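1. Make a model of this:
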Amino acid sequence: MRTGMITPEGLEKLKEELNFLWKVERPEITKKVSWAASLGDRSENADYHYNKKRLREIDRRILYLRKCIDDFKVIHYHPHQEGKVGFGAWIDIENNLGLRKRLRIVGYEELIGMKDYISIDSPIAQALLKKQVGDEVEVETPATTLTWKIHNIEYEK
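-> Prediction:
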């Protein structure tokens, strides 16, 4: 795994997930495995096999989260970011076809389940970095090239 960047809010979510898995879900699944194992023959015990599999998945995620939490570089807001697009920024943009979007530039681990977040490594984020309100950028994708204009830049402080 490469070391990545993360917002303070993103790190907090990872810590909450780790805490939930370690203190709530893992003990619950461990009890289910123990109960299913106590029934005797495990060869055809669906509860036992399902919960053992789930326990392995939880353990893998716990190990991954612990490594992430230790390795990610937390990028805190700093006043020097004001007025320019940077990591953690919320950007209001509009393309030459009239489509408006509000996006936040974050690290890859923060993208899961967040439709309005984009990775710092994405072509659009790379094009927007260090730009200011009123600037226009061209973003080339395999399908087309679009011009995006920046209408607003905000940071969570």
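2. Quick one, grab the pLDDT at Pro142.
-> On pLDDT, Pro142 comes in at 84.
3. Tell me how many other residues surround it.
-> For Pro142, the count of nearby residues is 5 (other CB atoms under 10 Å). Where you see a C-beta, it was placed from the backbone N, CA and C, and this is true even at glycine.
4. partners of Leu146 in the sheet?
-> Val139 (DSSP bridges).
5. thought Arg54 was touching Ile29?
-> Yes. With contacts counted by CB atoms under 8 Å, Arg54 reaches Ile29, the gap being 5.3 Å.
6. List the residues that contact the residue nearest to Asp121 when sequence neighbours are not counted.
-> Excluding the flanking residues, the one nearest Asp121 by CB to CB, 6 or more residues apart in numbering is Tyr108, at 6.9 Å. Residues in contact with Tyr108 (CB atoms under 8 Å, 6 or more residues apart in numbering) are Gly4, Ser119, Ile120, Asp121.
7. Look at Arg54 and Ile29 and report which has more neighbours.
-> Under the criterion of other CB under 10 Å, the comparison of Arg54 against Ile29 puts Ile29 first, with 21 against 16.
8. Is it possible to mark the buried ones in the contacts of Tyr108?
-> Gly4, Ser119, Ile120 (16 or more other CB atoms under 10 Å).
9. chain center to stretch 77-90: distance?
-> Relative to its parent chain, stretch 77-90 has a centroid offset of 19 Å by CA atoms, centre = their mean, to the nearest Å.
10. can you list contacts of that stretch?
-> 5, 7, 75, 91, 102-107, 120, 128-133, 150, 152-157.
11. again, 10 Å this time
-> 5-10, 73, 75-76, 91, 93, 102-107, 110, 116-117, 120, 125, 127-133, 135, 137, 150, 152-157 (CB atoms under 10 Å, 6 or more residues apart in numbering).
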